[in-house]
Structures are given as C-alpha cells and as structure tokens.
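Visitor: Just the structure for this:
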Amino acid sequence: MHPLVNIAVSAARSAGNFIMRNLERADTLQIEHKGRNDFVTQVDRGAESEIIKLIHKAYPQHAILGEEGGKIGDNEVVWIIDPLDGTTNFLHRLPHFAVSIGVQIKGVLMHGVIYAPCTQDLYVASRGAGATLNNRRIRVSTCRELDHALVGTGVPIKPEKLPAYLPTLGAVAEATAGIRRAGAASLDLAYVASGKLDAYWEMNLKPWDMAAGLVLVQEAGGIVGELYGEGDPMNSGNVLVATPKIHGPFVDLLNTVRPRFEAAQVDAAS
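Guide: Numbers count the residues shown, from 1 in each chain. A predicted model of the protein is given here:
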C-alpha cells in the first residue's frame, strides 16, 4: 500500500471511531445551519481535526482542502477531506454515512479512501493499482443495458437547484430499472465501484464529496465524467459515473433534457 494511502486509512479509521463514539448522543449535539438542509455539528469538525492531525504529523508540508476548515496550506499534494459525508443521516442515526479522503498530486487525483464506520467497510484505490473493498479487489458491475441499471442519485438540497435536476430525474426514472437516493455521495460512488449500483449522477457537488470516490470508480473499471460527457466534474460539480457499456447511453439520455436543464440554470442564476 502506498505510504499516503496508509496515512489516509489510519486517518479515516480514527475519524470513523470518533464519529461512532458520538452516534448515540446525536440528538443532543449542537447543530449549525450552513444553509437550507445543510448541517454541521461538532462531530464533523472533530472528525476533520482527527484527520488533519494525523496527516500533518506525517506530512506537515502538505495542503488540506476540508469541507469544514477550507483550504489550509499550499503544496502540490492536497488532501481533500469530507470528515462526515451524510451528516443528516448521522443526526437521524440512519447508518449510512462515511469518511472520505482523496489525495490530489499536481492537480491529478491519485488516491482515494472511503470508510463507512457503521459497517466497517473500507474502500481504497490508487491510480494504476486498482480498487479494493476490505482488501478484496472490486470491479464495477457487468450491466450492459440502461433499462437494467440500478442508479444512485442525490437530490439538490437547495430548492432553487431543483428545476435543473427534476428533468434528469424524470428521464432516468423512465429509462432505468430503479433509482436510489441514500444521502451520502461518497458511498454512492463506492457502490458503483463495487458493483452495488450500476451508475450514479448528481449535481452541485463539492470536491470533497467526490474526490476519493472518483478514483475508486476509475480504478474499478468505471467511466467518470461530467453529466453531458464534457468537462471535469471536479470543476463543475456535476458528475456521472457508470459501467462502460451504459455510460454512453446515459450521457445520450441526459442530453435529451439538456435544454431544460440549461434553462433552469439560467433562471436560478438570475
């Protein structure tokens, strides 16, 4: 295992243990609102602190991009951290949340670790070295037809973003075998990488939501791209990942509703 990955795994497990120690008192935690339906607690911040402490103990010069603390430092190596992806699930004791740590070197995503503390599932990937779940190699599913696909998604938490999303939801619902919305983007990506889902799309994500998961999907043999087959999801925040055989048809499907999506984006910005 790469030395950076060793540190990421240790940090993810440490943060996961911290989160689980606080799970049973979730209803007593002080909750802050970053925005509508966007919550943060002292557990989010404490978990991020645990991760940063371990990273900087090993690599004090490396930069951090964390959901709670923002950008720390300036270095060609950037650790991209979501200390508790699925805070709303955590607050309701819904056991579907994760710690996500990606490592970007010279602007390229190189490593990804996602740890689900409730199940103790550990997803790990390094560019060129494949992806694993609990030390066993994983691959995306063999799904070849869009109408057979089980697809993950995320619903925008900001109401003004819904008009851009809803046309895609309707199109995908008609064309696939089913849609699941579980509330933790990192785990949706990990589920595509491990074949539990055949595809996943979402809009308005942040780098920490997807950095680790994109490495996992790529290294598990999936296709990573922007919604309409153009650009970089890390820049746009709009992502589509899928098995190789259905990615192209999925892009074509989303392009059928693209005018409605773009019109809604303009309306939301005005």
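
Visitor: And the closest residue in space to Ala149 that isn't next to it in sequence, how close does it get to Arg180?
Guide: Closest residue to Ala149 apart from its sequence neighbours, by CB to CB, 6 or more residues apart in numbering: Asp198 at 3.9 Å. Placement of C-beta: from N, CA and C, glycine included. Look at Asp198 and Arg180: by CB to CB, to the nearest Å, they are 11 Å apart.

Visitor: residues shared between the contacts of those two?
Guide: Common contacts of Asp198 and Arg180 (CB atoms under 8 Å, 6 or more residues apart in numbering): 150-151.

Visitor: out of these two, which sits in the busier spot?
Guide: Neighbours were counted for Asp198 and for Arg180 using other CB atoms under 10 Å; Asp198 has more, 30 against 13.

Visitor: wait, that one sits on Ala242?
Guide: Yes - contact status for Asp198 versus Ala242: in contact at 6.6 Å, counting by CB atoms under 8 Å.

Visitor: Strands of the stretch 51-200 of the chain, residue ranges please.
Guide: 63-66, 70-72, 77-85, 98-105, 108-116, 121-126, 130-133, 136-137, 150-153, 178-180, 199-202 (DSSP state E, counting those that start in this stretch).

Visitor: For Val108, which residues count as its bridge partners?
Guide: Ile105 (DSSP bridges).

Visitor: which regions of the chain sit below the pLDDT cut-off?
Guide: 26-40, 259-270 (pLDDT under 70).

Visitor: could the strands of the stretch 51-200 of the chain be laid out in JSON lines, adding distance to Ala11?
Guide: Formatted as JSON lines, the strands of the stretch 51-200 of the chain follow (distance: least, CB to CB, whole Å):
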{"stretch": "strand 63-66", "distance to Ala11": "11"}
{"stretch": "strand 70-72", "distance to Ala11": "14"}
{"stretch": "strand 77-85", "distance to Ala11": "8"}
{"stretch": "strand 98-105", "distance to Ala11": "6"}
{"stretch": "strand 108-116", "distance to Ala11": "8"}
{"stretch": "strand 121-126", "distance to Ala11": "12"}
{"stretch": "strand 130-133", "distance to Ala11": "17"}
{"stretch": "strand 136-137", "distance to Ala11": "22"}
{"stretch": "strand 150-153", "distance to Ala11": "26"}
{"stretch": "strand 178-180", "distance to Ala11": "28"}
{"stretch": "strand 199-202", "distance to Ala11": "25"}
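
Visitor: coming back round to it: for the residue nearest to Ala149, what are phi and psi?
Guide: Backbone torsions of Asp198, given as degrees, to the nearest 10, read phi -90, psi -20.

Visitor: which residues does it contact?
Guide: Counting by CB under 8 Å, 6+ apart, Asp198 makes contact with 140-141, 143, 148-151, 192, 242-243, 246.

Visitor: how close does it sit to Val78?
Guide: For Asp198, the distance to Val78 - CB to CB - is 31 Å.

Visitor: now the helices for the stretch 151-270 of the chain?
Guide: Ranges of helices in the stretch 151-270 of the chain, per DSSP state H, counting those that start in this stretch, are 162-175, 185-193, 207-219, 233-236, 244-256, 258-269.

Visitor: Please convert the ones you listed to a markdown table, extending it with distance to Ser100 and mean neighbour count.
Guide: Formatted as a markdown table, the helices of the stretch 151-270 of the chain follow (distance: least, CB to CB, whole Å; neighbours: other CB atoms under 10 Å):
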| stretch | distance to Ser100 | mean neighbour count |
| --- | --- | --- |
| helix 162-175 | 22 | 17 |
| helix 185-193 | 4 | 29 |
| helix 207-219 | 5 | 27 |
| helix 233-236 | 14 | 16 |
| helix 244-256 | 22 | 18 |
| helix 258-269 | 26 | 13 |
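
Visitor: hmm, back to that, got a quick PyMOL command for the buried subset of the contacts of Asp198?
Guide: Buried residues among those (16 or more other CB atoms under 10 Å), as a PyMOL selection:
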select buried, resi 140+141+143+149+150+151+192+242+243+246
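
Visitor: Report the two of the contacts of Asp198 separated the most.
Guide: Spanning the widest gap among these are His148 and Val192, at 14.8 Å by CB to CB.
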